[in-house]
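Novice: Okay, here's the prediction I keep looking at, along with the sequence it came from:
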Amino acid sequence: MAHVVFLPGDGIGPEVAGEAAKVLAAVAERYNLDISTENALIGGAAFDATGFPLPDETLALCKKADAVFLGAVGGPAWDAVPRPKRPEAGLLALRKGLGVFANLRPIAIFPELAAFSCLRQDIVTQGVDLLIVRELTGDIYFGEPRGEGVRGGLRYAYDTMVYDEEEIRRIARMAFAAARSRRKKVCSVDKANVLSASRLWRTVVEEEHAAWPDIELSHMYVDNAAMQLVARPASFDVILTGNLFGDILSDQAAAIAGSLGMLSSASLGATAPGLYEPAHGSAPDIAGQDKANPLASILSIALMLRMSLNAPQAADAVESAVKSLIREGFRTADLVAENNRNTVPTGCKETGDLIVARLK
Ligand code: IPM
Ligand code: MG
(Lines give C-alpha, C1' and ligand atoms only; values in the text may rest on other atoms or scores of the structure.)
(Ligands and ions follow the chains in the order given, each with its own letter.)
Protein backbone atom coordinates (compact mmCIF):
# COMPACT_ATOMS: atom_id res chain seq x y z
CA MET A 1 0.00 0.00 0.00
CA ALA A 2 1.39 3.38 -1.03
CA HIS A 3 0.35 6.54 0.75
CA VAL A 4 0.07 9.96 -0.94
CA VAL A 5 -0.46 13.25 0.90
CA PHE A 6 -2.22 16.03 -1.03
CA LEU A 7 -1.48 19.63 -0.04
CA PRO A 8 -3.97 21.74 -2.00
CA GLY A 9 -2.77 25.11 -0.67
CA ASP A 10 -4.06 28.42 -1.99
CA GLY A 11 -5.64 30.08 -5.03
CA ILE A 12 -6.22 27.56 -7.80
CA GLY A 13 -4.28 24.98 -5.75
CA PRO A 14 -7.38 23.24 -4.34
CA GLU A 15 -9.00 23.06 -7.81
CA VAL A 16 -6.02 21.53 -9.59
CA ALA A 17 -5.21 19.26 -6.63
CA GLY A 18 -8.80 18.00 -6.73
CA GLU A 19 -8.45 16.99 -10.37
CA ALA A 20 -5.03 15.45 -9.72
CA ALA A 21 -6.51 13.34 -6.91
CA LYS A 22 -9.38 12.26 -9.14
CA VAL A 23 -6.99 11.13 -11.85
CA LEU A 24 -4.79 9.28 -9.36
CA ALA A 25 -7.83 7.42 -8.04
CA ALA A 26 -8.96 6.50 -11.56
CA VAL A 27 -5.58 5.26 -12.70
CA ALA A 28 -5.12 3.33 -9.44
CA GLU A 29 -8.38 1.53 -10.05
CA ARG A 30 -7.55 0.78 -13.66
CA TYR A 31 -4.07 -0.61 -12.86
CA ASN A 32 -4.93 -2.21 -9.52
CA LEU A 33 -2.63 0.01 -7.51
CA ASP A 34 -3.18 0.07 -3.78
CA ILE A 35 -2.96 3.78 -2.98
CA SER A 36 -4.37 5.64 0.01
CA THR A 37 -4.54 9.42 0.16
CA GLU A 38 -5.16 12.18 2.65
CA ASN A 39 -5.20 15.99 2.56
CA ALA A 40 -3.22 18.34 4.76
CA LEU A 41 -2.76 22.10 5.16
CA ILE A 42 -0.01 24.26 3.71
CA GLY A 43 0.58 27.88 2.72
CA GLY A 44 -1.88 30.67 3.37
CA ALA A 45 -4.64 28.18 4.10
CA ALA A 46 -2.50 26.66 6.85
CA PHE A 47 -1.52 30.08 8.17
CA ASP A 48 -5.17 31.11 8.43
CA ALA A 49 -6.13 27.89 10.22
CA THR A 50 -3.12 27.41 12.51
CA GLY A 51 -0.90 30.51 12.38
CA PHE A 52 1.86 28.58 10.55
CA PRO A 53 2.39 28.10 6.78
CA LEU A 54 3.79 24.60 7.40
CA PRO A 55 2.23 23.11 10.54
CA ASP A 56 4.36 20.42 12.24
CA GLU A 57 1.55 17.98 11.66
CA THR A 58 1.71 18.51 7.89
CA LEU A 59 5.46 17.96 7.73
CA ALA A 60 5.15 14.82 9.88
CA LEU A 61 2.44 13.39 7.59
CA CYS A 62 4.51 14.17 4.48
CA LYS A 63 7.64 12.56 5.90
CA LYS A 64 5.75 9.31 6.42
CA ALA A 65 4.20 9.32 2.94
CA ASP A 66 5.52 7.70 -0.24
CA ALA A 67 4.80 10.82 -2.26
CA VAL A 68 3.41 14.30 -1.73
CA PHE A 69 1.39 16.39 -4.17
CA LEU A 70 1.33 20.16 -3.76
CA GLY A 71 -1.12 22.45 -5.56
CA ALA A 72 0.13 26.01 -5.11
CA VAL A 73 0.78 28.51 -2.31
CA GLY A 74 0.50 32.25 -1.89
CA GLY A 75 -1.69 35.16 -2.82
CA PRO A 76 -2.33 38.85 -2.11
CA ALA A 77 -4.28 37.98 1.03
CA TRP A 78 -0.96 37.22 2.78
CA ASP A 79 1.14 40.09 1.37
CA ALA A 80 1.39 41.79 4.73
CA VAL A 81 2.37 38.64 6.64
CA PRO A 82 6.04 38.75 7.81
CA ARG A 83 8.40 36.62 5.71
CA PRO A 84 8.87 33.59 8.00
CA LYS A 85 5.10 33.10 8.07
CA ARG A 86 4.36 33.81 4.42
CA PRO A 87 2.81 30.97 2.38
CA GLU A 88 6.03 30.67 0.32
CA ALA A 89 8.01 30.07 3.52
CA GLY A 90 5.82 27.02 4.11
CA LEU A 91 6.76 25.59 0.72
CA LEU A 92 10.46 26.28 1.22
CA ALA A 93 10.34 24.65 4.67
CA LEU A 94 8.57 21.63 3.16
CA ARG A 95 11.26 21.21 0.48
CA LYS A 96 13.98 21.55 3.10
CA GLY A 97 12.17 19.30 5.59
CA LEU A 98 11.74 16.52 3.04
CA GLY A 99 15.29 16.99 1.76
CA VAL A 100 14.13 17.16 -1.86
CA PHE A 101 17.24 18.78 -3.28
CA ALA A 102 16.59 18.03 -6.96
CA ASN A 103 13.80 19.73 -8.83
CA LEU A 104 13.17 18.28 -12.28
CA ARG A 105 11.14 20.42 -14.66
CA PRO A 106 10.62 18.86 -18.09
CA ILE A 107 9.79 21.38 -20.82
CA ALA A 108 8.47 20.21 -24.15
CA ILE A 109 6.12 21.68 -26.71
CA PHE A 110 2.95 19.82 -27.56
CA PRO A 111 2.83 20.21 -31.39
CA GLU A 112 -0.84 21.26 -31.24
CA LEU A 113 0.04 24.06 -28.82
CA ALA A 114 3.06 25.43 -30.70
CA ALA A 115 1.14 28.60 -31.57
CA PHE A 116 1.01 29.49 -27.86
CA SER A 117 4.77 29.64 -27.55
CA CYS A 118 6.04 33.18 -27.20
CA LEU A 119 8.80 32.33 -29.66
CA ARG A 120 8.81 32.69 -33.42
CA GLN A 121 7.37 29.61 -35.11
CA ASP A 122 10.57 28.90 -37.07
CA ILE A 123 12.39 28.54 -33.74
CA VAL A 124 9.64 26.48 -32.13
CA THR A 125 9.45 24.03 -35.02
CA GLN A 126 13.09 23.10 -34.46
CA GLY A 127 11.72 21.32 -31.40
CA VAL A 128 11.97 22.04 -27.69
CA ASP A 129 12.53 19.11 -25.37
CA LEU A 130 14.60 19.96 -22.36
CA LEU A 131 14.83 19.14 -18.69
CA ILE A 132 15.78 21.70 -16.08
CA VAL A 133 17.49 20.11 -13.10
CA ARG A 134 17.34 22.81 -10.46
CA GLU A 135 19.04 22.51 -7.06
CA LEU A 136 16.24 23.12 -4.56
CA THR A 137 17.40 23.19 -0.95
CA GLY A 138 20.49 25.41 -1.00
CA ASP A 139 21.83 28.61 -2.58
CA ILE A 140 20.71 32.13 -1.72
CA TYR A 141 17.23 30.76 -0.86
CA PHE A 142 18.56 29.24 2.35
CA GLY A 143 22.05 30.73 2.82
CA GLU A 144 23.11 32.27 6.12
CA PRO A 145 23.74 34.95 7.13
CA ARG A 146 20.78 36.89 5.89
CA GLY A 147 19.07 39.89 7.31
CA GLU A 148 18.53 43.58 7.29
CA GLY A 149 19.52 46.57 9.33
CA VAL A 150 20.49 50.21 9.24
CA ARG A 151 24.04 51.47 8.79
CA GLY A 152 25.19 55.02 8.23
CA GLY A 153 21.56 56.05 8.32
CA LEU A 154 20.70 53.77 5.38
CA ARG A 155 18.52 50.68 5.48
CA TYR A 156 20.31 47.65 4.04
CA ALA A 157 19.50 43.99 3.51
CA TYR A 158 21.51 40.97 2.42
CA ASP A 159 21.31 37.28 1.54
CA THR A 160 24.07 34.75 1.08
CA MET A 161 24.68 32.57 -1.95
CA VAL A 162 26.44 29.50 -0.61
CA TYR A 163 26.99 25.93 -1.78
CA ASP A 164 29.18 23.22 -0.32
CA GLU A 165 30.74 20.64 -2.60
CA GLU A 166 28.48 17.78 -1.55
CA GLU A 167 25.35 19.81 -2.37
CA ILE A 168 26.79 20.44 -5.83
CA ARG A 169 27.98 16.87 -6.38
CA ARG A 170 24.62 15.24 -5.60
CA ILE A 171 22.63 17.52 -7.91
CA ALA A 172 25.26 17.11 -10.67
CA ARG A 173 24.81 13.33 -10.34
CA MET A 174 21.05 13.71 -10.74
CA ALA A 175 21.56 15.72 -13.92
CA PHE A 176 24.05 13.27 -15.42
CA ALA A 177 21.79 10.34 -14.57
CA ALA A 178 18.79 12.08 -16.15
CA ALA A 179 20.82 12.87 -19.28
CA ARG A 180 21.68 9.20 -19.65
CA SER A 181 18.06 8.35 -20.48
CA ARG A 182 17.76 11.38 -22.77
CA ARG A 183 20.11 12.88 -25.38
CA LYS A 184 23.18 12.63 -23.11
CA LYS A 185 23.97 16.34 -22.96
CA VAL A 186 24.24 18.45 -19.81
CA CYS A 187 24.68 22.21 -19.87
CA SER A 188 25.66 23.49 -16.42
CA VAL A 189 24.57 27.08 -15.88
CA ASP A 190 26.36 29.39 -13.43
CA LYS A 191 27.87 32.85 -13.05
CA ALA A 192 31.47 31.73 -12.54
CA ASN A 193 32.85 34.92 -14.09
CA VAL A 194 31.59 36.82 -11.03
CA LEU A 195 30.54 34.57 -8.14
CA SER A 196 32.67 32.40 -5.84
CA ALA A 197 29.80 29.99 -5.28
CA SER A 198 29.59 29.53 -9.04
CA ARG A 199 33.33 28.89 -9.36
CA LEU A 200 33.08 26.04 -6.86
CA TRP A 201 29.95 24.85 -8.69
CA ARG A 202 31.84 24.64 -11.98
CA THR A 203 34.84 22.87 -10.42
CA VAL A 204 32.73 20.23 -8.68
CA VAL A 205 30.52 19.63 -11.74
CA GLU A 206 33.73 19.06 -13.75
CA GLU A 207 35.06 16.63 -11.12
CA GLU A 208 31.81 14.66 -11.01
CA HIS A 209 31.70 14.57 -14.80
CA ALA A 210 34.79 12.35 -14.78
CA ALA A 211 32.51 9.50 -13.66
CA TRP A 212 30.10 10.05 -16.59
CA PRO A 213 32.24 9.78 -19.74
CA ASP A 214 29.26 9.05 -22.00
CA ILE A 215 27.65 12.41 -21.14
CA GLU A 216 28.67 15.58 -22.97
CA LEU A 217 29.13 18.47 -20.52
CA SER A 218 29.18 22.17 -21.36
CA HIS A 219 29.12 25.26 -19.15
CA MET A 220 27.27 28.50 -19.74
CA TYR A 221 26.96 31.76 -17.84
CA VAL A 222 23.39 32.35 -16.77
CA ASP A 223 22.97 35.56 -18.76
CA ASN A 224 24.06 33.81 -21.94
CA ALA A 225 21.86 30.81 -21.05
CA ALA A 226 18.83 33.10 -20.81
CA MET A 227 19.62 34.36 -24.30
CA GLN A 228 20.35 30.92 -25.82
CA LEU A 229 17.14 29.56 -24.30
CA VAL A 230 15.07 31.86 -26.49
CA ALA A 231 17.42 31.96 -29.48
CA ARG A 232 18.24 28.25 -29.72
CA PRO A 233 16.05 26.26 -27.32
CA ALA A 234 16.44 23.11 -29.40
CA SER A 235 20.15 23.01 -28.55
CA PHE A 236 19.45 22.13 -24.88
CA ASP A 237 18.91 18.68 -23.42
CA VAL A 238 19.52 18.83 -19.64
CA ILE A 239 20.15 22.18 -17.95
CA LEU A 240 21.83 21.77 -14.56
CA THR A 241 21.70 24.82 -12.34
CA GLY A 242 21.38 26.26 -8.85
CA ASN A 243 18.25 27.22 -6.98
CA LEU A 244 17.98 30.91 -7.93
CA PHE A 245 19.05 30.62 -11.57
CA GLY A 246 16.81 27.55 -11.95
CA ASP A 247 13.81 29.42 -10.59
CA ILE A 248 14.22 32.15 -13.19
CA LEU A 249 15.15 29.98 -16.16
CA SER A 250 12.31 27.53 -15.56
CA ASP A 251 9.66 30.26 -15.80
CA GLN A 252 11.34 31.50 -18.95
CA ALA A 253 11.34 28.00 -20.41
CA ALA A 254 7.66 27.67 -19.51
CA ALA A 255 6.79 30.69 -21.63
CA ILE A 256 8.68 29.04 -24.47
CA ALA A 257 6.52 25.94 -24.12
CA GLY A 258 3.35 28.03 -24.34
CA SER A 259 1.62 27.80 -21.00
CA LEU A 260 2.69 27.34 -17.41
CA GLY A 261 -0.54 25.40 -17.18
CA MET A 262 1.06 22.42 -18.89
CA LEU A 263 4.30 22.08 -16.93
CA SER A 264 4.82 19.44 -14.30
CA SER A 265 7.65 19.04 -11.84
CA ALA A 266 9.14 16.47 -9.53
CA SER A 267 11.35 17.18 -6.54
CA LEU A 268 13.44 14.31 -5.29
CA GLY A 269 15.85 13.63 -2.48
CA ALA A 270 18.11 10.75 -1.55
CA THR A 271 15.22 8.84 0.00
CA ALA A 272 11.42 8.91 -0.44
CA PRO A 273 9.05 10.76 -0.50
CA GLY A 274 9.13 12.77 -3.71
CA LEU A 275 7.27 16.06 -3.93
CA TYR A 276 5.22 16.69 -7.06
CA GLU A 277 3.92 20.10 -8.05
CA PRO A 278 2.66 21.88 -11.12
CA ALA A 279 5.26 24.52 -12.07
CA HIS A 280 2.65 27.30 -12.00
CA GLY A 281 1.65 29.46 -9.08
CA SER A 282 -1.61 30.00 -7.23
CA ALA A 283 -3.13 32.36 -9.88
CA PRO A 284 -5.42 34.19 -7.40
CA ASP A 285 -7.02 36.16 -10.25
CA ILE A 286 -8.78 33.05 -11.59
CA ALA A 287 -9.13 31.08 -8.36
CA GLY A 288 -12.50 29.52 -7.61
CA GLN A 289 -13.82 30.07 -11.14
CA ASP A 290 -13.17 26.62 -12.60
CA LYS A 291 -10.84 28.22 -15.18
CA ALA A 292 -7.49 26.72 -14.15
CA ASN A 293 -5.68 24.23 -16.35
CA PRO A 294 -5.26 21.06 -14.26
CA LEU A 295 -2.99 19.35 -16.81
CA ALA A 296 0.27 20.47 -15.17
CA SER A 297 -1.00 18.79 -11.99
CA ILE A 298 -2.20 15.71 -13.82
CA LEU A 299 1.16 15.43 -15.58
CA SER A 300 2.82 15.78 -12.16
CA ILE A 301 0.77 12.76 -11.04
CA ALA A 302 2.26 10.88 -14.01
CA LEU A 303 5.75 11.79 -12.77
CA MET A 304 4.74 10.63 -9.28
CA LEU A 305 3.51 7.28 -10.62
CA ARG A 306 6.78 6.76 -12.49
CA MET A 307 9.30 8.09 -9.97
CA SER A 308 7.83 7.38 -6.54
CA LEU A 309 5.08 4.78 -6.94
CA ASN A 310 6.86 2.38 -9.31
CA ALA A 311 3.95 2.34 -11.74
CA PRO A 312 5.44 3.24 -15.15
CA GLN A 313 2.52 1.81 -17.12
CA ALA A 314 0.03 3.91 -15.21
CA ALA A 315 2.27 6.94 -15.76
CA ASP A 316 2.31 6.30 -19.51
CA ALA A 317 -1.48 5.96 -19.50
CA VAL A 318 -1.95 9.35 -17.82
CA GLU A 319 0.46 11.00 -20.25
CA SER A 320 -1.28 9.48 -23.27
CA ALA A 321 -4.66 10.60 -21.95
CA VAL A 322 -3.33 14.17 -21.72
CA LYS A 323 -1.90 13.96 -25.23
CA SER A 324 -5.13 12.68 -26.69
CA LEU A 325 -7.18 15.36 -24.94
CA ILE A 326 -4.97 18.03 -26.48
CA ARG A 327 -5.08 16.32 -29.86
CA GLU A 328 -8.88 16.20 -29.69
CA GLY A 329 -8.96 19.97 -29.19
CA PHE A 330 -10.12 20.36 -25.59
CA ARG A 331 -8.67 23.55 -24.15
CA THR A 332 -8.80 25.43 -20.86
CA ALA A 333 -8.84 29.23 -20.98
CA ASP A 334 -5.02 29.59 -20.99
CA LEU A 335 -4.94 27.73 -24.32
CA VAL A 336 -7.85 29.23 -26.17
CA ALA A 337 -6.90 31.27 -29.23
CA GLU A 338 -9.36 33.65 -30.79
CA ASN A 339 -10.89 32.48 -34.06
CA ASN A 340 -10.09 28.85 -33.52
CA ARG A 341 -13.25 26.87 -34.20
CA ASN A 342 -11.45 23.55 -33.95
CA THR A 343 -11.11 23.68 -30.21
CA VAL A 344 -13.59 23.02 -27.43
CA PRO A 345 -13.34 25.22 -24.32
CA THR A 346 -13.35 23.27 -21.06
CA GLY A 347 -13.20 24.14 -17.39
CA CYS A 348 -10.87 22.72 -14.79
CA LYS A 349 -13.29 20.08 -13.54
CA GLU A 350 -14.41 18.98 -16.97
CA THR A 351 -10.78 18.58 -18.04
CA GLY A 352 -10.22 16.22 -15.12
CA ASP A 353 -13.39 14.29 -16.00
CA LEU A 354 -12.27 13.94 -19.62
CA ILE A 355 -8.93 12.51 -18.51
CA VAL A 356 -10.65 10.10 -16.14
CA ALA A 357 -12.96 8.96 -18.97
CA ARG A 358 -9.90 8.21 -21.11
CA LEU A 359 -8.38 6.12 -18.33
CA LYS A 360 -11.38 3.84 -17.99
C1 IPM B 1 8.82 27.91 -7.80
C2 IPM B 1 8.27 29.11 -7.06
C3 IPM B 1 8.81 29.12 -5.65
C4 IPM B 1 10.32 29.24 -5.74
C5 IPM B 1 8.21 30.19 -4.72
C6 IPM B 1 6.69 30.09 -4.66
C7 IPM B 1 8.81 30.17 -3.35
O8 IPM B 1 8.57 30.28 -7.75
O9 IPM B 1 8.56 26.78 -7.37
O10 IPM B 1 9.51 28.10 -8.81
O11 IPM B 1 10.85 30.34 -5.84
O12 IPM B 1 10.98 28.20 -5.71
MG1 MG C 1 9.48 29.98 -9.62
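Specialist: Everything's here; your move. None of the values given here were measured: they were computed from a predicted structure. Ligands and ions are numbered 1, 2, ... in the order given.

Novice: hey, what's the closest residue in space to residue 64 that isn't next to it in sequence bridged with?
Specialist: In space, residue 64 comes closest to residue 3 once its chain neighbours are excluded; the distance is 7.2 Å by C-beta to C-beta, 6 or more residues apart in numbering. Backbone N, C-alpha and C define where each C-beta goes, glycine included. For residue 3, the beta-bridge partners under DSSP bridges are residue 36.

Novice: and whatever residue of the stretch 101-250 of the chain ends up closest to ligand 1, what does it touch?
Specialist: Among the residues of the stretch 101-250 of the chain, residue 247 lies closest to ligand 1, at 4.5 Å counting by C-beta to the nearest ligand atom. For residue 247, the set of contacting residues under the criterion of C-beta atoms under 8 Å, 6 or more residues apart in numbering consists of residue 134.

Novice: Repeat that for the one 5 residues further on.
Specialist: Residues counted as contacts of residue 252 (C-beta under 8 Å, 6+ apart) are 226, 229-230.

Novice: still on that earlier bit, secondary structure element holding the residue of the stretch 101-250 of the chain closest to ligand 1?
Specialist: In the assignment (DSSP states H and E), residue 247 maps to helix 243-257.

Novice: likewise residue 292?
Specialist: Assigned by DSSP H and E, residue 292 falls within no helix or strand.

Novice: Name the SS class of residue 189, please.
Specialist: Of the three states, residue 189 takes strand according to DSSP: H, G, I helix; E, B strand; the rest coil.

Novice: Now do it, the pLDDT please.
Specialist: Per-residue pLDDT puts residue 189 at 98.

Novice: in the sheet, who's paired with it?
Specialist: When assigned by DSSP bridges, residue 189 has beta-bridge partners residue 220, residue 241.

Novice: quick one: contacts for it?
Specialist: Neighbouring residues of residue 189 by C-beta under 8 Å, 6+ apart: 219-222, 225, 239-242, 245, 249.

Novice: Check those residues for burial and list the buried ones.
Specialist: Buried residues within these, defined by neighbour count using 16 or more other C-beta atoms under 10 Å: 219-222, 225, 239-242, 245, 249.

Novice: restrict the residues you listed to contacts with ligand 1.
Specialist: Within the set of the buried ones among the contacts of residue 189, contact with ligand 1 (C-beta under 6 Å from any ligand atom) is found for no member.

Novice: Including pLDDT, could those residues go into a markdown table?
Specialist: Listed next are the buried ones among the contacts of residue 189 as a markdown table, based on pLDDT from 0 to 100:
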| residue | pLDDT |
| --- | --- |
| 219 | 98 |
| 220 | 98 |
| 221 | 98 |
| 222 | 98 |
| 225 | 98 |
| 239 | 98 |
| 240 | 98 |
| 241 | 98 |
| 242 | 98 |
| 245 | 98 |
| 249 | 95 |
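
Novice: Would you mind measuring from residue 181 to residue 173?
Specialist: In this view, residue 181 and residue 173 are 14 Å apart by C-beta to C-beta, to the nearest Å.

Novice: what does this structure have sitting close to ligand 1?
Specialist: Selection of the chain residues close to ligand 1 by C-beta under 6 Å from any ligand atom yields 74, 88, 91-92, 247.

Novice: Among the residues you listed, which one is most surrounded by other residues?
Specialist: Highest neighbour count within these, by other C-beta atoms under 10 Å: residue 74, with 24 neighbours.

Novice: Now it: closest residue in space that isn't a chain neighbour?
Specialist: Leaving aside its sequence neighbours, residue 74 is closest to residue 87 (4.3 Å, by C-beta to C-beta, 6+ apart).

Novice: Same question for residue 115.
Specialist: residue 337 (6.4 Å).

Novice: Name the helix or strand for that neighbour, please.
Specialist: Residue 337 belongs to no helix or strand when assigned by DSSP H and E.

Novice: Spit out the contact partners of residue 315.
Specialist: Residues 302-303, 305-306 are the ones in contact with residue 315 under the rule C-beta under 8 Å, 6+ apart.

Novice: need the residues you listed in TSV with secondary structure, can you?
Specialist: Output for these, formatted as TSV (three-state DSSP):
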residue	secondary structure
302	helix
303	helix
305	helix
306	helix
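
Novice: By neighbours, which of those wins?
Specialist: residue 305 (29 neighbours).

Novice: I am assuming that residue contacts residue 299, so please confirm or correct that.
Specialist: No: at 10.6 Å, residue 305 does not count as touching residue 299 under the criterion of C-beta atoms under 8 Å.

Novice: Can you pull the residues that touch both of these two?
Specialist: Contact criterion C-beta under 8 Å, 6+ apart; residues shared by residue 305 and residue 299: residue 318.

Novice: Where does the residue nearest to the spatial centre of the chain sit: helix, strand or coil?
Specialist: Among the residues of the chain, residue 265 comes closest to the average C-alpha position under C-alpha atoms, centre = their mean, at 3.2 Å. For residue 265, the secondary structure call by three-state DSSP comes out as strand.

Novice: Give the bridge partners for it, please.
Specialist: With beta bridges defined as DSSP bridges, residue 265 has these partners: residue 277.
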